[in-house]
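[1] could you work out the structure for the sequence below:
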Amino acid sequence: MKMISNIHKVGLGIRLGTSPGAYLPTPVENHRFFRDLATFQGGRASLFKLAIADGNNSSSVPFEGDVRRKGMFTPPSKHDPQPRLRNPHPQLQTAATGLQPTRSSVPFEGDARRKGMFTVLLLSLLLLTSLLPAQTCLPILQDAQRAYNRGQLKQALTILQKAEICDIDNQIIQQRQRLQGRIFAAIDRQRVEAVEAKAEAEVARQEAEQARLRSDSSLAVANKLIDQLYFYEGKFGLTLKNIGTEFNLKYRYGFINQNGDEVIPFQFEEATPFSVEDGFARVKKGGKDYLLDTLGTTYLLANSLADLTLKKEALDLHEAIPDSLPEDIGRFQGLRVLLAYSSYGKRKLKHLPASIGRLANLQIVDLSSNQLKQLPPEVGNLNSITKLDLRSNRLSQLPPEVGNLNSLTELDLSYNRLKQLPPEVGNLNSITELNLNSNQLNQLPPEIGNLNSLNELRLEGNVLSQLP
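    Numbering: from 1, shown residues only. Predicted structure coming up:
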């Protein structure tokens with residue numbers, strides 16, 4: 001290194017103390033050494049406030065006043081333009097070099113020795129400062145590297161700024177610059193990624209807005225369609241849906257509510273809305289006809305007496321009412337639903353056979369709008385029946401066996417010719433709705449007070465004078 005070469009120039013072999021071989025560099029040599037040393041130390045020599053002679057500027061010679069007063073300073077002349085220190089020990093120079101001492105030599109050994117000690121001390125301090133970068137700056141670089149590895153780029157830059165005091169060491173300068181370059185490159189990458197992420201977010205936002213607009217449009221169309229749908233009891237709307245794939249279409253009917261939620265699965269090849277008259281929908285599944293109730297229960301359907309088999313669960317005769325049910329109707333014990341209601345202008349059912357009492361699994365019976373005048377006592381054997389609709393017939397009385405229908409919850413006897421009810425009516429423990437509107441009742445049996453489950457009792461259009 002340049003500093004070391006200059007140290008050899010001035011002969012770093014100075015021996016302290018009173019050693020007779022002590023050598024002091026000239027002011028000019030001192031000036032060249034400290035100038036190069038200041039260059040190496042990045043200008044730090046100025047911290048020691050050195051004032052070294054340079055050229056003809058004699059005022060910058062250190063201790064010039066002291067030396068001049070002691071006669072040790074030789075001013076420049078035309079033969080020797082450089083200022084010189086007189087040797088304070090001419091006899092030592094004569095012994096070392098074989099030269100005769102000059103006449104101007106003056107013995108001031110103490111002052112020269114102190115100046116030599118100051119120079120050595122100054123050199124030692126500067127050498128110590130040259131070792132500081134390796135001891136203090138490498139840990140700073142390591143901390144900055146760790147922050148960079150953690151992705152804390154701002155913190156890494158802040159730490160790295162502390163290493164700028166170490167720019168007197170070329171190796172540390174290179175390390176700091178390389179790390180600083182990596183940090184700036186990472187910041188640039190993050191900036192680019194942020195711009196790209198912002199652009200992607202904007203694209204996603206625009207797509208979401210377009211999807212929302214499409215959804216709003218589809219919802220408006222759906223609401224318009226729903227408004228046009230018929231909802232039985234406000235809950236069941238018939239709709240069609242593809243349950244297959246885009247390339248394998250498979251449309252099936254099902255039922256939704258007014259919110260568009262599925263309430264009965266899409267599983268029927270054909271379907272009709274729920275009927276206001278009987279509360280059933282007619283559906284087809286697997287090529288077979290069924291009745292469908294609002295609970296989603298299906299009943300294998302026979303649409304005529306000719307279609308009736310032992311496996312059928314429902315018999316619907318409302319489109320082709322006979323005058324009387326066949327006498328062997330009781331052998332179709334799989335029947336759970338019997339629909340034989342009539343309507344204006346159609347034939348009317350006038351007679352029920354006693355064998356109807358053998359239909360032990362019968363649950364729902366609708367015989368409304370017919371011309372029935374009486375019920376066979378065997379009706380009391382229908383222990384599973386829950387709903388019995390006999391409105392708009394010509395009934396004038398009920399058999400006492402009606403009181404045996406323990407599962408009956410709904411009984412409609414409105415628009416008949418009933419004048420009184422049998423006391424056994426009070427045994428209908430499960431009944432919740434009893435409609436007696438538009439009859440000829442003038443009194444009610446006291447036993448009617450036993451109907452603890454009764455929620456609705458209708459008596460309009462009668463001639464009742466008092467209640468029990």
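
[2] what stretches of this structure score poorly on pLDDT?
    Flagging of the chain using pLDDT under 70 yields the residue ranges 1-136, 163-170, 172, 215-228.

[3] what segments of it are helices?
    With DSSP state H, the ranges of helices along the chain come out as 2-9, 27-40, 64-70, 90-97, 109-130, 132, 138-149, 153-161, 170-228.

[4] the nearest residue to D328 once chain neighbours are set aside: what's it in contact with?
    If the residues on either side of it in the chain are set aside, D328 comes closest to S355, at 6.6 Å by C-beta to C-beta, 6 or more residues apart in numbering. All C-beta spots, glycine's among them, are computed from the backbone N, C-alpha and C. Contacts for S355 (C-beta atoms under 8 Å, 6 or more residues apart in numbering) come out as E327, D328, I329, G330, R331, E378.

[5] go again using 7 Å as the cut-off
    Counting by C-beta atoms under 7 Å, 6 or more residues apart in numbering, S355 touches E327, D328, I329, G330.

[6] distance of it from K198?
    Noted for S355: a distance of 83 Å to K198, by C-beta to C-beta, to the nearest Å.

[7] can you give me the neighbour number for S304?
    12 (other C-beta atoms under 10 Å).

[8] burial count for the closest residue to it other than its chain neighbours?
    Once flanking residues are discounted, S304 sits nearest to A320: 5.8 Å by C-beta to C-beta, 6+ apart. Applying other C-beta under 10 Å, we find 13 residues neighbouring A320.

[9] I'd say A320 and L305 touch.
    No. Counting by C-beta atoms under 7 Å, A320 sits too far from L305 to count as a contact (8.2 Å).

[10] what are the ranges of the strands in the stretch 201-350 of the chain?
    Taking DSSP state E, counting those that start in this stretch to define them, one finds strands in the stretch 201-350 of the chain at 231-232, 236-242, 251-256, 262-268, 270-271, 281-285, 288-292, 298-302, 314-316, 337-339.

[11] right, and these - which one's nearest Q177?
    strand 236-242 (66.9 Å; C-beta to C-beta).

[12] the closest one: partners in the sheet, and parallel or antiparallel?
    Sheet pairing of strand 236-242 (DSSP bridges) gives strand 231-232 (antiparallel), strand 251-256 (antiparallel).

[13] and that strand with strand 262-268, angle?
    50 degrees (axes from the mean of the first three to the mean of the last three C-alpha atoms, to 10 degrees).

[14] and the contacts of strand 236-242?
    Against strand 236-242 from outside (C-beta under 7 Å, 6+ apart): 226, 229-231, 249-256, 263-264, 266, 271, 273-274, 294.

[15] let's go with 8 Å and repeat that
    By C-beta under 8 Å, 6+ apart, strand 236-242 touches 226, 229-231, 249-258, 263-264, 266, 271-274, 281, 294.

[16] among these, name the buried ones.
    226, 231, 252-256, 264, 266, 271, 274, 281, 294 (16 or more other C-beta atoms under 10 Å).

[17] which one of the residues you listed sits closest to E313?
    A281 (15.0 Å).

[18] still on that earlier bit, for the residue nearest to D328, give its distance to Q175.
    Taking C-beta to C-beta, one finds S355 at 108 Å from Q175.

[19] same question for R347.
    R347 is 108 Å from Q175, by C-beta to C-beta.

[20] and these two? Which one has more around it.
    Between R347 and Q175, counted using other C-beta under 10 Å, Q175 has the larger neighbour count: 19 against 14.

[21] now the more buried one: closest residue in space, sequence neighbours ignored.
    L141 (5.5 Å).

[22] I'd say the one you found and Q177 touch.
    No. Applying C-beta atoms under 8 Å as the test, L141 and Q177 come out as separate, 10.8 Å apart.

[23] neighbour count for those two, which is higher?
    Neighbours per residue (other C-beta under 10 Å) separate L141 from Q177, with L141 holding more: 19 against 12.

[24] mind checking how far that one is from L240?
    74 Å.

[25] same thing with R417?
    R417 is 46 Å from L240, by C-beta to C-beta.

[26] go on, G449?
    G449 is 51 Å from L240, by C-beta to C-beta.

[27] next one: E207
    The gap separating E207 from L240 is 30 Å, by C-beta to C-beta.

[28] what sits against N429?
    Counting by C-beta under 8 Å, 6+ apart, N429 has contacts N406, N450, L451, N452, S453.

[29] what do you get if the cut-off is 10 Å, keeping everything else the same?
    G403, L405, N406, S407, L408, N450, L451, N452, S453, L454 (C-beta atoms under 10 Å, 6 or more residues apart in numbering).

[30] pick out whichever of these sits closest to T158.
    For the contacts of N429, the nearest to T158 is S453 (83.0 Å; C-beta to C-beta).

[31] near that closest one, how many other residues are there?
    Count around S453 with other C-beta under 10 Å applied: 11.

[32] isn't it right up against S430?
    Yes. Taking contacts as C-beta atoms under 10 Å, S453 lies within contact range of S430: 5.8 Å.

[33] what touches both of these two?
    Joint contacts of S453 and S430 (C-beta under 10 Å, 6+ apart) are T409.

[34] flag every buried residue along stretch 345-355.
    Those would be K348, L349, L352, P353, S355, for stretch 345-355 by 16+ other C-beta under 10 Å.

[35] actually, stretch 359-368.
    Buried residues in stretch 359-368 (16+ other C-beta under 10 Å): L359, L362, Q363, I364, V365, D366, L367, S368.

[36] how about stretch 379-392?
    Quick answer for stretch 379-392 (16+ other C-beta under 10 Å): 379-382, 384-392.

[37] same check on stretch 177-189?
    Buried, per 16+ other C-beta under 10 Å, within stretch 177-189: L179, Q180, I183.

[38] now stretch 461-468
    N462.

[39] now swap in stretch 141-155 and tell me
    Within stretch 141-155, the residues scored as buried using 16+ other C-beta under 10 Å are L141, D143, A144, Q145, A147, Y148, L153.

[40] again, but for stretch 291-310
    Under the neighbour-count criterion of 16+ other C-beta under 10 Å, stretch 291-310 has L291, L292, D293, T294, T298, Y299, L300, L301, A302, N303, L308 buried.

[41] if I look at the residue nearest to the second one when sequence neighbours are not counted, how far off is E262?
    Computed as C-beta to C-beta, 6+ apart, the closest residue to L292 that is not its neighbour in sequence is A281, at 4.3 Å. Distance, A281 to E262, using C-beta to C-beta: 15 Å.

[42] and E207, by the same measure?
    Using C-beta to C-beta, E207 is found at 28 Å from E262.
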